[in-house]
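**Q** Quick one, fold the following:
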Amino acid sequence: MIKQIYTEKAPKPVGPYSQAVLVENLIFVSGQLGINEEGKLVEGIEAQTKQALTNIKNILESQGCDLSNVVKVTVYLKDISHFSIMNKVYSQFFSPPYPARTTVKAELALKDALVEIDAIAYCKK
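**A** Model prediction:
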């Protein structure tokens with residue numbers, strides 16, 4: 001059974017997708033941009049990375065989990081030269097054992113978005 005996850009502490013979906021879905025003990029978090037709860041895209045790679053990860057954190061916390069439950073992350077960067085800045089912010093959110101991660105350069109759907117991050121978490125309640 002698939003359960004849709006929604007929290008007011010992350011941006012509302014603007015299309016036919018869920019913020020996240022729960023399947024047994026796995027939470028699949030949709031790609032999060034640097035958009036705050038009010039629906040505004042924050043400025044700069046550092047702020048957008050922090051906001052995207054905060055959105056993921058808030059979605060997981062709505063289910064009684066946290067970032068320590070994350071097993072896989074995919075980071076999409078509009079400009080790969082932003083990797084070191086993104087990585088510095090990312091390291092403030094995760095600690096060992098770090099989740100597996102893939103980082104790719106990508107054209108993002110929102111014109112001014114610089115980063116999008118999705119995650120998979122294992123959360124046994």
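**Q** what about this structure, any weak spots by pLDDT?
**A** Low-confidence segments of the chain (pLDDT under 70): 125.
**Q** and residue 22, how many neighbours?
**A** Using other C-beta atoms under 10 Å, residue 22 has 19 neighbouring residues. In short, each C-beta sits where N, CA and C put it, glycine included.
**Q** what helix or strand is it on?
**A** Here residue 22, judged by DSSP states H and E, is contained in strand 20-23.
**Q** Now find how far off-centre that strand is within its chain.
**A** 14 Å (C-alpha atoms, centre = their mean, to the nearest Å).
**Q** got it, and stretch 118-125?
**A** Its chain's average C-alpha position is 12 Å from that of stretch 118-125, according to C-alpha atoms, centre = their mean.
**Q** And stretch 66-82, by the same measure?
**A** 7 Å.
**Q** now do stretch 53-67
**A** Centre-to-centre, stretch 53-67 and its host chain are 9 Å apart (C-alpha atoms, centre = their mean).
**Q** export that stretch as CSV, just CAs?
**A** C-alpha atoms of stretch 53-67 as CSV (Å, rounded to 0.1, in the frame of the first residue of the first chain):
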residue,chain,number,x,y,z
LEU,A,53,17.4,20.0,2.6
THR,A,54,15.2,21.7,5.2
ASN,A,55,12.2,20.8,3.1
ILE,A,56,13.3,17.1,3.1
LYS,A,57,14.0,17.2,6.8
ASN,A,58,10.5,18.7,7.5
ILE,A,59,8.8,16.0,5.3
LEU,A,60,10.6,13.2,7.1
GLU,A,61,9.9,14.7,10.5
SER,A,62,6.2,14.8,9.7
GLN,A,63,6.5,11.0,9.7
GLY,A,64,8.5,10.7,12.9
CYS,A,65,11.8,10.2,11.0
ASP,A,66,14.8,12.5,10.5
LEU,A,67,17.8,12.9,8.2
